[in-house]
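Enquirer: only geometry, no sequence info:
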């Protein structure tokens, strides 16, 4: 029987004391070598899902299997690497000591743990801080160290909860590259994030969760191919009368300080509009076909109450 | 190996903790000051120094157990350091076992330091005594044997107190945990009197409550042989072994309960 790195079926999680439903009959499957983006607004249930996957939370009903084994089986965790949102470490340990400590928890012996600690500190760009106590680390540095400890055992499945939050643009690019490298070597990545452009750049498939329910899932191409394309034409020197006349044939006209931005969803009509602009004696500054981004798509779905 | 890694890390945390240094430092000062009290004790110098030193080793050892034990699991959960550790192939009972073993190592280290300084100080004092007052021969051997037994039983008592601290830390805040552990320590020393009380209490409910307390709370009085050490009266091997068995069994029961509670805990 084929086993997937991650199979979730009808997962429901109700927090005991409050009786609050955090997840409701959530089902999803992540296939081997897939980079799966897990999207949702705050409080949607993303972190709850990830905590269940690593055994920090016990779920109410449903089933969660990783590599065909129940999530409660601690041995399955030899095959995963987990980075929680805003990872915390022992502040009295240095970065090197921290990784050696996690190495020992993963069964790595002295020299092997030492070598891997050095290797993965370099991978995440923290070699220079190997002997610095983690208590002095910024959030971004802790985030990188979190990723380094998740890579120590060469996991088949990486579970990442907001791994790019708190990082500066350089750090984000660096961590994004590490994740892409892992994906390129055949690892499966389950990745929750608010940073939608990063999800779009990294993930092959995404799932959108809202109020504990999976609203939609599919490849980014599938989701965005259903959406409309827009052509944006930026024009300078267009008279108000010409702009008013053109506005009847385009979907929207925006006026900036000394330019007009005309948008149309009809790419055929764009050609005709361009001719009319030139005939009016105005200058075309740019023409850019704009495809709906994942962020636009996400905002649109959330705006419509998340109903799929 | 995984339990060892957690234990070694718990020990390292304590070694790097300045509060721990302060507690042990204060204990050594009190031990070294015991001679001042001995001067006003009219010829009972060695007894007073022994009694006071052993009391200091116990008291400061309990402080270490309270300070470390009460925070042990609460801090891991509150600071979220447990998230990364428990996402590794580590069972929750292994985590508890590692944390507790680390704490026992800390207590062993503290006990060895305090006991060594106390025994060394006593030895120096005995060596400086007038010839007619000096403990010698069999008496001296008995004195050191009883002293060694007292140190060992104090360590066992600290292990029991630490297990209670870990238990309370999994169900409550550090402050409540420290208070509950200290109260249990206090009552545990008076438990012998509670048993005697059952003979005089007339109410059936009162009798039941006292008996329950006697069986549930730790009988820490049995580890207290300071008085015997001060009078150079070593306890029998059977008594010492009885204490070992009691301490081990009590710790196993308490830690098993801790594991059951922690296993069900949503993190």
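Expert: Done, it's in. This one's a predicted model, so the numbers in the text were calculated from it and none came from an experiment.

Enquirer: Hmm, residue B:221 and residue B:190 touching each other?
Expert: Yes. If you go by C-beta atoms under 8 Å, residue B:190 and residue B:221 touch, sitting 7.2 Å apart. Using the backbone N, CA and C atoms, a C-beta is placed for each residue, glycine as well.

Enquirer: if you count what's nearby, which of these two comes out ahead?
Expert: The neighbour comparison of residue B:190 against residue B:221 (other C-beta atoms under 10 Å in any protein chain shown) goes to residue B:221, with 15 against 12.

Enquirer: moving C-terminal of the lowest-mean-pLDDT helix or strand in chain B, what's the next helix or strand?
Expert: Least confident helix or strand of chain B, by mean pLDDT, DSSP states H and E, is helix B:191-200 with a mean of 79. Next helix or strand after helix B:191-200 toward the C-terminus (DSSP states H and E): helix B:204-216.

Enquirer: Can you mark which positions in that following helix are buried?
Expert: Buried residues in helix B:204-216, counting neighbours by 16 or more other C-beta atoms under 10 Å in any protein chain shown, are found at B:210, B:213.

Enquirer: average model confidence for it?
Expert: Helix B:204-216 carries an average pLDDT of 85.

Enquirer: repeat for stretch A:240-255
Expert: Averaging pLDDT along stretch A:240-255 gives 85.

Enquirer: How far away from the center of its chain is that stretch?
Expert: Stretch A:240-255 has its C-alpha centroid displaced from the chain centroid by 38 Å (C-alpha atoms, centre = their mean, to the nearest Å).

Enquirer: Give the ranges of residues in the chain that sit below the confidence cut-off.
Expert: Looking at chain A here, since you left the chain open. For chain A, the stretches flagged by pLDDT under 70 are A:1-2, A:17-18, A:225-228, A:303-308.

Enquirer: Chain B is the one I meant
Expert: Within chain B, the segments meeting pLDDT under 70 span B:38-43, B:130-136.

Enquirer: Which positions in it make contact with chain A?
Expert: Contacts of chain B with chain A, taken as C-beta under 8 Å from any C-beta of the partner chain, map to B:1-2, B:4-6, B:9, B:12-13, B:16-17, B:79-81, B:83-91, B:264, B:266-267.

Enquirer: got a list of what the closest residue to chain B within the stretch 201-308 of chain A touches?
Expert: Sorted by distance to chain B under C-beta to the nearest C-beta, the residues of the stretch 201-308 of chain A start with residue A:212, at 15.9 Å. With contact set as C-beta atoms under 8 Å, 6 or more residues apart in numbering or on different chains, residue A:212 has these partners: A:13, A:21, A:22, A:23, A:24, A:26, A:44, A:45, A:48.

Enquirer: Which members of those are positioned in helices?
Expert: Counting by DSSP state H, the contacts of residue A:212 place residue A:48 in helices.

Enquirer: could you show me where the strands are in the stretch 101-250 of chain A, in order?
Expert: A:157-161, A:188-192, A:205-210, A:213-219, A:229-236 (DSSP state E, counting those that start in this stretch).

Enquirer: how about residue A:7, secondary structure?
Expert: Secondary structure assignment for residue A:7 (DSSP: H, G, I helix; E, B strand; the rest coil): strand.

Enquirer: show me what contacts the closest residue in space to it that isn't next to it in sequence?
Expert: Closest residue to residue A:7 apart from its sequence neighbours, by C-beta to C-beta, 6 or more residues apart in numbering or on different chains: residue A:65 at 4.6 Å. Neighbour list for residue A:65: A:3, A:4, A:6, A:7, A:8, A:71 [criterion: C-beta under 8 Å, 6+ apart].

Enquirer: hang on, residue A:65 in a helix?
Expert: No. Assigned with three-state DSSP, residue A:65 falls outside any helix and is strand.
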